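Student: need coordinates for the below:
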Amino acid sequence: MEKSNVIDYLLYKMEHHNMPSVIMSGAMILESHVNGELLNATEMANHLAAKLENVPLLRSKFVEAPLGLAHMRRIEDSKFDIWDHVLIDSLPAPGGYDELTAYIETHCEDLKAPHLWHIIILQGLKDNRLAIITRFHHALADGMGAGKAMDPIYSLEPKELQTPTYPVKSFPKDPTLLDLYTFSLKDSVERLWDSSRFLVNNATGIGQFIGAQAKEKLFKTKNKVEEKPQVIRTSLNISKHSMTHTSSYKTLPIADIKTLAKYFDGTINDICLFLYTYALESYFESNSESIGIDLICGVPVSVREAGDVEGGNQLSVMYCNLHNSIKDPVKRLQSIIAETKSQKLALEEKTSVVSLDDVGSLVPPVTISALLYLASKFNLAERFPDKIHMMNALLTNVPGPRFPVYIGNGLMVENIAMPPILDVMALTTAVTSTYTNVTFGFHGDARVVKDKNSFVRGIEIGMEKLGKQAALDKTASIKSPAKVKASVSRSETATDKGIQ
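Tutor: Numbering: from 1, shown residues only. Okay, the predicted model is just below:
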């Protein structure tokens with residue numbers, strides 16, 4: 001039995017307390033590697049079942065301790081059946097963008113306990129394509145962990161489709177009530193010991209941390225140093241969700257993004273953050289909402305070691321100023337580039353005395369569950385907005401392969417991700433990629449987001465503005481570096497050196 005960490009437990013229990021279920025959704029679009037060939041949904045389902053039936057993480061379930069005395073364990077499911085997790089469905093005609101996003105919206109909440117994941121092979125798309133719809137409970141794994149679990153389905157060339165073998169396995173028995181009480185008692189004893197040892201070992205560090213915070217505050221007050229931009233609530237920062245969903249996405253050629261990143265001396269992530277500012281601007285404009293402050297965007301960062309294929313969540317978060325109050329597109333991008341460099345350095349150098357997992361491991365799960373209940377019952381997010389709202393938006397980036405990837409006999413041409421919406425945020429966004437495309441996936445609360453395609457229009461506006469500044473033509477090639485630099489210089493929006 002593998003012990004879960006406090007983040008896994010929080011994510012698992014949220015939906016038990018009238019909070020949004022944290023389910024990661026996605027859609028991988030496949031087309032045949034042979035022109036005109038029709039991909040068969042049933043054959044593809046058999047192939048995926050054969051590839052995934054023996055992945056340990058996907059064969060697991062959670063068991064909770066009696067009375068909430070210990071953190072839940074992840075064990076192999078003795079009743080595991082691959083066909084509880086691999087499904088087939090059809091998209092209504094004509095099978096285009098509107099039908100696909102509507103399907104994703106209406107199936108966001110259809111992953112029911114005890115199942116922690118499933119995939120749906122969706123037929124009926126235009127141009128003889130298939131979509132593989134994925135649903136992963138965030139408690140089972142973060143985005144990187146879920147991606148690692150799905151590794152067996154990918155290949156570098158078309159593969160002959162397989163069928164499941166249904167291996168005869170001797171499943172471990174589910175833990176008995178005595179087993180559950182035993183590990184609960186053991187956890188409780190270990191927690192008492194760990195708590196005392198933690199306080200002794202970290203007393204000096206905690207004191208130094210508190211002293212450093214007080215000294216920094218005094219210095220800023222004395223020297224009138226400007227604090228980090230305050231997170232001001234917008235219509236996207238709500239405290240109660242309607243449990244209805246919107247989804248939209250925009251796919252761009254990755255060559256265009258790379259060209260812009262190279263020209264402006266930034267990264268693909270920088271360009272994506274820049275485009276995201278225009279997606280948000282477009283939404284607020286469609287909502288007749290005036291935003292005169294800089295928005296703060298949370299950017300999840302994986303701290304998972306290379307080669308780590310275990311489940312669970314191993315994440316940190318950068319809080320980036322989007323500098324959306326800067327109207328000049330190049331100056332805004334330059335500020336974002338500088339911001340992300342600064343945030344990455346701070347993240348690398350950060351040596352936190354106390355982590356959430358450190359503290360959470362010392363607290364009985366029943367206490368955590370009670371806190372979640374109180375937060376939901378008394379709507380603490382609404383009562384203490386300054387303490388709860390740490391960001392206005394969230395953008396997660398899941399880099400894809402830089403070469404063609406196949407799933408069976410289908411070539412993956414688009415990869416769309418929809419991260420779960422949070423209890424204090426009505427919109428989350430993911431950027432994913434294939435070797436040819438970058439796709440923004442927008443997942444929103446339907447009560448708040450009335451015009452889901454406003455984000456798509458904003459991405460298009462951002463690309464147009466930056467493309468004009470870089471003199472980028474339709475074939476994603478720079479016309480003339482000399483002319484481009486002269487043009488940028490004349491508009492006084494950038495220097496030849498850019499951000500160093």
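Student: contacts and neighbour counts: CA atoms only from here.
Tutor: Noted.
Student: how about residue 267: what's its closest non-neighbour residue?
Tutor: Leaving aside its chain neighbours, residue 267 sits nearest to residue 261 (5.1 Å; criterion: CA to CA, 6 or more residues apart in numbering).
Student: can you tell me the element that neighbour falls in?
Tutor: Using DSSP states H and E, residue 261 sits in helix 254-263.
Student: could I get the full set of strands for the stretch 301-450 of the chain?
Tutor: All strands of the stretch 301-450 of the chain, identified by DSSP state E, counting those that start in this stretch, fall at 315-321, 393-398, 406-407, 410-418, 427-433, 437-445.
Student: in terms of mean pLDDT, which of the ones you listed ranks lowest?
Tutor: Note on the strands of the stretch 301-450 of the chain: lowest mean pLDDT is at strand 315-321, with a mean of 82.
Student: what residues sit buried inside it?
Tutor: Of the residues in strand 315-321, those buried under the neighbour-count criterion (16 or more other CA atoms under 10 Å) are 317, 318, 319, 320, 321.
Student: any chance of TSV for these, columns distance to residue 214?
Tutor: As requested, these are arranged in TSV below (distance: CA to CA, whole Å):
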residue	distance to residue 214
317	24
318	23
319	22
320	24
321	24
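Student: ok, those residues vs residue 144, which is closest?
Tutor: Within those, proximity to residue 144 (CA to CA) peaks at residue 317, which comes in at 14.4 Å.
Student: pretty sure the closest one contacts residue 298?
Tutor: Yes: in this structure, residue 317 is within contact of residue 298 by CA atoms under 8 Å, at 6.3 Å.
Student: so what's the residue nearest to residue 410 when sequence neighbours are not counted up against?
Tutor: With CA to CA, 6+ apart as the criterion, residue 410 has its nearest non-adjacent residue at 4.7 Å, and that residue is residue 32. Residues counted as contacts of residue 32 (CA atoms under 8 Å, 6 or more residues apart in numbering) are 38, 39, 128, 129, 409, 410, 411.
Student: if I look at the first one, how far off is residue 318?
Tutor: Pointing back at residue 38 there. The span separating residue 38 from residue 318 equals 44 Å under the rule CA to CA, to the nearest Å.
Student: before we move on, what about residue 439?
Tutor: Applying CA to CA, the value for residue 439 to residue 318 is 21 Å.
Student: equivalent analysis for residue 447, please.
Tutor: In this structure, residue 447 and residue 318 are 28 Å apart, going by CA to CA.
Student: still on that earlier bit, just the buried residues of strand 315-321 now: which is nearest residue 12?
Tutor: When the buried residues of strand 315-321 are compared for distance to residue 12 (CA to CA), residue 317 comes out closest, at 19.6 Å.
Student: element containing the closest residue to that closest one other than its chain neighbours, please.
Tutor: Closest residue to residue 317 apart from its sequence neighbours, by CA to CA, 6+ apart: residue 300 at 4.3 Å. In this structure, residue 300 is located in strand 296-302 according to DSSP H and E.
Student: which residues are contacting that strand?
Tutor: For strand 296-302, contacts defined as CA under 8 Å, 6+ apart pick out 144, 229, 231, 314-322, 390-397.
Student: buried residues in stretch 111-127?
Tutor: Using 16+ other CA under 10 Å as the test for burial, stretch 111-127 gives 111, 115, 116, 117, 118, 119, 120, 121, 122, 123, 124, 125.
Student: let me know the closest of the residues you listed to residue 160.
Tutor: The shortest distance between residue 160 and any of those, using CA to CA, involves residue 121 and amounts to 17.4 Å.
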